[in-house]
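[1] Whatever this is, show me its structure:
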Amino acid sequence: MPRIASASEIGFPGEFPFTRGIQPTMYRGRLWTMRQYAGFGTAAESNARYRYLLAQGVSGLSVAFDLPTQMGYDSDHPLAAGEVGKVGVAIDSIEDMAALFDKIPLDRVSTSMTINSTAIILLALYVSVARRQGAVPAALSGLAGTIQNDILKEYVARGTYIYPPRPSLRIVTDIFAYCERELPNWNTISISGYHIREAGSTAVQEVAFTFAHAIAYVEAAIDAGLDVNTFGQRVSFFFNAHNDFLEEIAKFRAARRLWAHIMRDRFHATHPRAQQLRFHTQTAGSTLTAQQPDNNIVRVALQALAAVLGGTQSLHCNGRDEALALPTEESARIALRTQQIIASESGVVNTVDPVAGSEAIERLTDEIERGAQALLARIDQAGGTLTAIETGFIQREIQESAYRAQLAVDSGQVVVVGVNKFAEDARNGSGVVFATDPEGERRQIARVKALRASRDAGAWQTALAAVTHAAAGADNLVPPIIAAVEAKATVGEIADAMRAVFGEYKETATL
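    Okay, here's the model as predicted:
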């Protein structure tokens, strides 16, 4: 039987390798940020939900964008038909972004934006709206938040990519470089294992493939001349909290320890904050069931508790009805109250590391770390992360795990309460399902057309030409894109200016 890591290998909270947490006092000193991921319909509708959530005690916003925005299409594009405002908020222009954050002070609220292919455009919009609110350029250094900006996982898990991997990495490092100069408190990337797990990976694969992507980003940043000790402090991660309670706690501990060693031993980072794994967690949407949806409240509570015991810095709890539709206000409130009950009533925040020394936890931590190290070694031997993506290796591994997991549910080997055991003929719960305004898409299309008609055509064309010129050369893309959004160029137009230079990615067949 493999030995369990010694106390010296595990370390103390706040000390390398941070197995037990990145802060010496953890939640005794400061609670995690309680976020609620939200966005739907038009900017005005989402703004109303954000202000409701802030009034209920949310301490950070997390923005969901619709598929056209994620893919770089304006709401009136033919490919956007039927998708405008459906899985997130529709953002076409600076006017939409201003409406999204109306009466929300960006210099006092931390915002996380789940956006990847068009991350550079949405960051430019956020900066421009902050300026409109009165945050002059010098004060932009105070803006706090996170942009996901994790394009590599799109090729293996989600599919909302636009450009090929290599020019996409250039966009990522341009964001790194700009934020290092102008937005030092902004987390420039949130490297996501969440979607890898949602696509069907195991816990070990979630850690390994997330870190494979992270290694590629760090290598690209170093190649671009950035200091690992500086930009490494603004790298953050995004993990899934799945069903296996003890495994999930151990997964977070193993990930912290493994990342600390990667940053120190592989990339020679010496600053403790550059060695630390800071991460947001979201409960597992793929585990939610349309059958007996109230059961999802219990699932989410257990997953959230695992994230807290695992030492997360930020947490979102899913709504009970998300297997059916976007969450209602009542479901969102229950999800938030779940976090607040864990923080205020469970007592787990009173101990720095409540699970330390558990033989089961420490053994699982070691097993996950070893498994992830073995997978990373295979990726290195195959030629690195980009090669593993381009050949479909990572995609195949995830697909095979997803297939095995579904077989286990179908056979009854894995129990899903209310689905393959303890099932009922009818759904229970409130029966209320959230629906977006059917007229929202028409109004959003009219809004973007009106913006195009009202702008200064000369300034708009000049600004877009500057984006194309920067894409074709080596200049940082962020400043010309900020100028373009302020000239009222749309998300789709700016994405198209880069499409003309970079081209579009065609998926590699993996089966």
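[2] Low-confidence regions, the stretch 1-150 of the chain specifically.
    1-2, 136-139 (pLDDT under 70).
[3] Which elements pack onto the longest helix along the chain?
    Across the chain, the longest stretch assigned as helix under DSSP state H is helix 359-381. Where contact means 3 or more CB pairs under 8 Å, 6 or more residues apart in numbering; DSSP states H and E, helix 359-381 is packed against helix 203-223, helix 245-261, helix 393-411. Heads up, the C-betas are built off the backbone N, CA and C, glycines and all.
[4] Quick one: distance of the lowest-mean-pLDDT helix or strand in the chain to the chain centre.
    Scoring the helices and strands of the chain by mean pLDDT, DSSP states H and E places helix 7-10 at the bottom, with a mean of 82. Averaging C-alpha positions (CA atoms, centre = their mean, to the nearest Å) puts helix 7-10 31 Å from its chain's average.
[5] Just the buried residues of it, please?
    Under the neighbour-count criterion of 16 or more other CB atoms under 10 Å, helix 7-10 has Ile10 buried.
[6] Let me have the helices and strands packed on helix 359-381 in JSON lines, extended by distance to Thr270.
    Listed next are those as JSON lines, based on distance: least, CB to CB, whole Å:
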{"stretch": "helix 203-223", "distance to Thr270": "14"}
{"stretch": "helix 245-261", "distance to Thr270": "12"}
{"stretch": "helix 393-411", "distance to Thr270": "30"}
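[7] what would the ones you listed look like in a markdown table with distance to Gly145 and mean neighbour count?
    Formatted as a markdown table, the helices and strands packed on helix 359-381 follow (distance: least, CB to CB, whole Å; neighbours: other CB atoms under 10 Å):
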| stretch | distance to Gly145 | mean neighbour count |
| --- | --- | --- |
| helix 203-223 | 18 | 23 |
| helix 245-261 | 21 | 24 |
| helix 393-411 | 28 | 16 |
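[8] among those helices, which is nearest His280?
    Across the helices and strands packed on helix 359-381, His280 has its closest neighbour in helix 245-261 (11.5 Å, CB to CB).
[9] helices and strands around the closest one, which ones?
    Counting by 3+ CB pairs under 8 Å, 6+ apart, helix 245-261 packs on helix 203-223, strand 235-241, strand 279-283, helix 295-309, helix 359-381.
[10] buried sites along the fourth one?
    Put plainly, it is helix 295-309. Buried residues in helix 295-309 (16+ other CB under 10 Å): 295-297, 299-309.
[11] quick one: low-confidence ranges for the chain?
    Filtered on pLDDT under 70, the chain yields the residue ranges 1-2, 136-139, 426-431, 508-511.
[12] And the longest helix of the chain, what's buried?
    Quick answer for helix 359-381 (16+ other CB under 10 Å): 361-369, 371-373, 375-376, 379.
[13] Please apply the same query to stretch 328-347.
    Buried-residue list, stretch 328-347, by 16+ other CB under 10 Å: 328-329, 331-339, 342-343.
[14] can you check stretch 32-47 too?
    Residues of stretch 32-47 classed as buried by neighbour count (16+ other CB under 10 Å): 32-43, 45-47.
[15] and if you look at stretch 469-484?
    Of all the residues in stretch 469-484, those buried under the rule 16+ other CB under 10 Å are Ala470, Ala471, Asn476, Leu477, Val478, Pro479, Pro480, Ile481, Ile482, Ala483, Ala484.
[16] C-terminal to the least confident helix or strand of the chain, what's the next element?
    strand 33-38 (DSSP states H and E).
[17] Can you give the strand pairings for that following strand, parallel or anti for each?
    Strand 33-38 has its sheet partners listed here by DSSP bridges as strand 60-64 (parallel), strand 314-316 (parallel).
[18] Give me whichever of these is most buried.
    strand 314-316 (a mean of 26; mean count of other CB atoms under 10 Å).
[19] got a list of contacts for it?
    32-37, 60, 62, 112, 279-283, 304, 307-308, 335, 339 (CB atoms under 8 Å, 6 or more residues apart in numbering).
[20] go again using 10 Å as the cut-off
    The contact list for strand 314-316 (CB atoms under 10 Å, 6 or more residues apart in numbering) reads 31-38, 58-60, 62, 110, 112, 114, 146, 187, 190, 194, 236, 238, 241, 278-283, 300, 303-304, 307-308, 335-336, 338-339, 342-343.
[21] Run the chain-centre distance for it.
    Worked out by CA atoms, centre = their mean, strand 314-316 lies 11 Å from the chain centre.
[22] what's the next secondary structure element after that strand?
    Going down the chain from strand 314-316, the next helix or strand is helix 329-345, by DSSP H and E.
[23] That following helix to strand 33-38, inter-axis angle?
    If you take axes from the mean of the first three to the mean of the last three CA atoms, to 10 degrees, helix 329-345 sits at 170 degrees to strand 33-38.
[24] Can you give me every residue that contacts Gly492?
    68-69, 71-77, 79-80, 92-93, 118, 121, 448, 499.
[25] Buried subset of these as a PyMOL selection?
    To isolate the buried members of the contacts of Gly492 in PyMOL, using 16+ other CB under 10 Å:
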select buried, resi 68+69+71+72+73+74+75+76+77+80+92+93+118+121+448+499
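[26] So which of the contacts of Gly492 are in strands?
    Using DSSP state E, no member of the contacts of Gly492 sits in strands.
[27] before we move on, back to that, so which of the helices and strands packed on helix 359-381 gets nearest Ala423?
    Comparing the helices and strands packed on helix 359-381 under CB to CB, the one sitting nearest is helix 393-411, at 12.7 Å.
[28] So which elements touch the closest one?
    The contact analysis (3 or more CB pairs under 10 Å, 6 or more residues apart in numbering; DSSP states H and E) places helix 393-411 against helix 194-198, helix 203-223, helix 359-381, helix 385-390.
[29] Please repeat the previous calculation with a cut-off of 7 Å.
    Counting contacts by 3 or more CB pairs under 7 Å, 6 or more residues apart in numbering; DSSP states H and E, helix 393-411 is packed against helix 203-223.
[30] Would you mind confirming that Ala382 makes contact with Ala388?
    Yes: between Ala382 and Ala388 there is a contact under CB atoms under 7 Å: 5.3 Å.
[31] Touching, Ile222 and Thr230? I think so.
    No: between Ile222 and Thr230 there is no contact under CB under 7 Å: 11.2 Å.
[32] Now do the same contact list for the closest residue to Leu122 other than its chain neighbours.
    Spatial nearest neighbour of Leu122, excluding adjacent residues (CB to CB, 6 or more residues apart in numbering): Ile115 at 4.8 Å. By CB atoms under 7 Å, 6 or more residues apart in numbering, the residues touching Ile115 are Phe65, Gln70, Leu122, Ile147, Gln148.
[33] Pairing partners for the first one in the sheet, please.
    What it means is Phe65. Applying DSSP bridges to Phe65 gives these bridge partners: Val89.
[34] That one: neighbour count?
    25 (other CB atoms under 10 Å).
[35] how close does it get to Ile115?
    5 Å (CB to CB, to the nearest Å).
[36] Using TSV, please lay out the strands paired with strand 33-38 together with distance to Ala157.
    Shown next, in TSV, are the strands paired with strand 33-38 (distance: least, CB to CB, whole Å):
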stretch	distance to Ala157
strand 60-64	17
strand 314-316	18
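[37] what sits against the closest residue to Val235 other than its chain neighbours?
    Leaving aside its sequence neighbours, Val235 sits nearest to Ile189 (CB to CB, 6+ apart; 5.8 Å). By CB under 7 Å, 6+ apart, Ile189 lies in contact with Asn149, Asp150, Val172, Tyr217, Val235, Ser236.
[38] Swap in 10 Å and give it another go.
    Ile189 touches 116, 119, 146-151, 172-173, 175-176, 179, 213-214, 217-218, 221, 231, 234-238, counting by CB under 10 Å, 6+ apart.
[39] residues in contact with the closest residue to Ala290 other than its chain neighbours?
    Nearest residue to Ala290, sequence neighbours excluded (CB to CB, 6+ apart): Ala323, at 4.3 Å. Taking CB under 10 Å, 6+ apart as the criterion, Ala323 is in contact with Gly285, Ser286, Thr287, Leu288, Thr289, Ala290, Gln291, Pro293, Asn296.
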